[in-house]
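# would you be able to build a 3D model of this:
(one chain, ligands or ions: 2)
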Amino acid sequence: MLYGSTRGQAPGIDFVEAMLTGLAPDGGLYVPERWPTLSRDTIAGFAGARYADVAKVVIGAMVGDAIASADLDRMIEAAYAPFRHKAVCPLVQAGDNLFLLELFHGPTLAFKDVAMRLLGQLLDHAPKTRAARATIVGATSGDTGSAAIDAFGGLDHVDVFILYPHGRVSEVQRRQMTGSRAPNVHALAIEGTFDDCQAMVKGLFASPGFREEIGLSVVNSINWARIAAQTVYYFTAAVALGAPGRPVSFAVPTGNFGDIFAGWVAKRMGLPIERLMIGTNENDILARTLATGTYQLRGVIPTTSPSMDIQVSSNFERLLFEASDRDSATVVDAMAELSRTGAFRIAPQALDRIRSEFAAETVDAAAVTDEIAAVQRDNDYTLDPHTAIGLRAARTLLRQNPTTPVVALATAHAAKFPDAVERASGVRPKLPPHLADLLDRPERVSVLPNSRAEVETFIRRHGRVAKHRA
Ligand SMILES: Cc1ncc(COP(=O)(O)O)c(C=O)c1O
Ligand SMILES: N[C@@H](CCOP(=O)(O)O)C(=O)O
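Ligands and ions are numbered 1, 2, ... in the order given. From the prediction side, this is the model:
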């Protein structure tokens, strides 16, 4: 099982190398050279299975022989043990043929835990087997960072640097990052947007020699291992609703396009997914792209769903590669055009393919408020603003086709965004007991300008891995 870059200029490597490398040396994103598939019988066999057991099969197909299966199975068991719900990612009914897939039962209350807990296990295992030490970086609009800090905090051969946009995350998200006492963890508040943070992370990989010097990897969904782990819950949800005998659609609140791309991967592996619905907030580059065929950057607008205040939707590169018959020259040209002009056009055939599998809806702040209020009133269920976007988009899909079940991904616990939720519903959601003292924990954070050079210097100065390697 080998992985190659969407930009076609990096040698094929196995799953573990792809995970440790993060971003390919040519600036592209790793994808399997050949898509693994699961037979109809295998998928049917997931009915009633434990989440971890489904994960062993689905992730195992993507890992190939890069990790001994007994080791992988052990790591998967350990990854999902700390989840607060026995089903790990339970499905709850929200209406006729309408379901919520709760992905927030991990330690930091967002879907990021599902992949990050496993990544923590895999990265802890990999340096021992490949004799490496690692420096992990991540750009976050709040959730990836908290999940990474929780998963990697305290590991002694890994340093973690998380870049978040100063003043643009919720208080709970910020404190989850700045409240860590682990000496290997560094929360960096960058004077810029999430897109600036993500550009800086990508820039660190392009900085001559830096990647090798510090053993750099990244925990965003540009890392293939994140996508692989996020694929599993599409299988468990669809099978619970009758797949493979019955198609299912998904509505996904979307920012960096990682979570919904994992759904596309599940479909490519054999899961009968009818439609993948992109739900966006006012930062609606993906909805505009589907409507016009032009991927065009605009300034980021702060919204009540801050984790999705993203314009540069990194994983769209993977979809573009697939929709363009895996032609890396098309991707290279598009990405060059994007950096030169802030936009690129998608060829008509590729656009048709994308439109045949995906739909998109922009859900503005007023609709988010309505959705939270209505679900609180009608179902006595408290939505977070990101989940409200997914659910609103799911209702649209259901109106178009009431016979196919639609699953909306519930990507965060309402308590991560208590102010927006209380304003909409009148209910102030409480943090679960393990985070009850979060707002009293002392904070540790470094505020840095939007400058790659300054971040690079900070990592060299504060990273134990960097010092060890020097
Ligand atoms: C709570 C929440 N929902 C949805 C998303 C969107 O996910 P993705 O970036 O994978 O599209 C994010 C992060 O981007 C998030 O943190
Ligand atoms: N919403 C994310 C943004 C980064 O997304 P990722 O899935 O690519 O890590 C966050 O909360 O950090």
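# for this protein, which residues are neighbours of ligand 1?
Counting by CB under 6 Å from any ligand atom, the chain comes close to ligand 1 at 110, 143, 221, 253-260, 307-308, 386, 411-412. In short, each C-beta sits where N, CA and C put it, glycine included.
# ok, the closest residue to ligand 1 within the stretch 51-200 of the chain - contacts?
Of all residues in the stretch 51-200 of the chain, residue 143 sits closest to ligand 1, at 3.5 Å by CB to the nearest ligand atom. By CB atoms under 8 Å, 6 or more residues apart in numbering, the residues touching residue 143 are 108, 110, 111, 112, 173, 307, 411, 412, 416.
# residues near the nearest residue to the first one once chain neighbours are set aside, how many?
What it means is residue 108. Distance criterion CB to CB, 6 or more residues apart in numbering; nearest residue to residue 108, sequence neighbours excluded, is residue 146 at 4.3 Å. Using other CB atoms under 10 Å, residue 146 is surrounded by 31 other residues.
# again, but for residue 455
Neighbour tally, residue 455, other CB under 10 Å: 24.
# do residue 449 as well
Counted with other CB under 10 Å, residue 449 comes out at 11.
# state the distance from it to ligand 1.
Taking CB to the nearest ligand atom, to the nearest Å as the measure, residue 449 falls 24 Å from ligand 1.
# identify the residues contacting that residue.
190, 191.
# mind checking pLDDT for it?
pLDDT recorded at residue 449 is 98.
# with the one 4 residues further on instead?
The score at residue 453 is 95. That number is its pLDDT.
# just residue 213 next, same as before
For residue 213, the model assigns a pLDDT of 88.
# in what helix or strand does it lie?
helix 210-214 (DSSP states H and E).
# next structured bit after that helix?
strand 216-218.
# just checking, what packs against the following helix or strand past that following strand?
Using DSSP H and E, the helix or strand that directly follows strand 216-218 along the chain is helix 224-240. When contacts are defined as 3 or more CB pairs under 8 Å, 6 or more residues apart in numbering; DSSP states H and E, helix 224-240 packs onto helix 15-21, helix 40-44, helix 51-63, strand 91-95, strand 98-102, helix 112-130, strand 248-253, helix 258-268.
# what is the orientation angle of the helix or strand where residue 147 lies with helix 112-130?
Using DSSP H and E, residue 147 sits within helix 143-152. When axes from the mean of the first three to the mean of the last three CA atoms, to 10 degrees is applied, the directions of helix 143-152 and helix 112-130 differ by 50 degrees.
# residues from this structure in reach of ligand 2?
Near ligand 2, when you scan the chain using CB under 6 Å from any ligand atom, you find 140, 141, 142, 143, 144, 145, 220, 221, 255, 256, 258, 307.
# next, the buried residues of stretch 229-246.
For stretch 229-246, the neighbour count (16 or more other CB atoms under 10 Å) marks 229-241, 243-244 as buried.
# repeat that for stretch 30-40.
30, 31, 32, 36, 38.
# pick the one among those residues closest to residue 328.
Among these, residue 31 lies closest to residue 328 (CB to CB), at 10.4 Å.
# check contacts around that closest one.
3, 4, 5, 6, 224, 318, 321, 322.
# by neighbour count, which of the residues you listed wins?
Counting neighbours by other CB under 10 Å, the top entry in the contacts of residue 31 is residue 6, with 27 neighbours.
# any stretches of this protein with poor pLDDT?
Residues of the chain meeting the criterion pLDDT under 70: 128, 130-132, 465-470.
# of the helices and strands packed on helix 224-240, flag the one that's most buried.
strand 248-253 (a mean of 28; mean count of other CB atoms under 10 Å).
# quick one: list the elements packing against that strand.
Using 3+ CB pairs under 8 Å, 6+ apart, strand 248-253 is in contact with helix 224-240, helix 258-268, strand 273-280, helix 385-400, strand 406-410.
# using a markdown table, lay out those together with distance to residue 54.
Formatted as a markdown table, those follow (distance: least, CB to CB, whole Å):
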| stretch | distance to residue 54 |
| --- | --- |
| helix 224-240 | 5 |
| helix 258-268 | 11 |
| strand 273-280 | 16 |
| helix 385-400 | 22 |
| strand 406-410 | 15 |
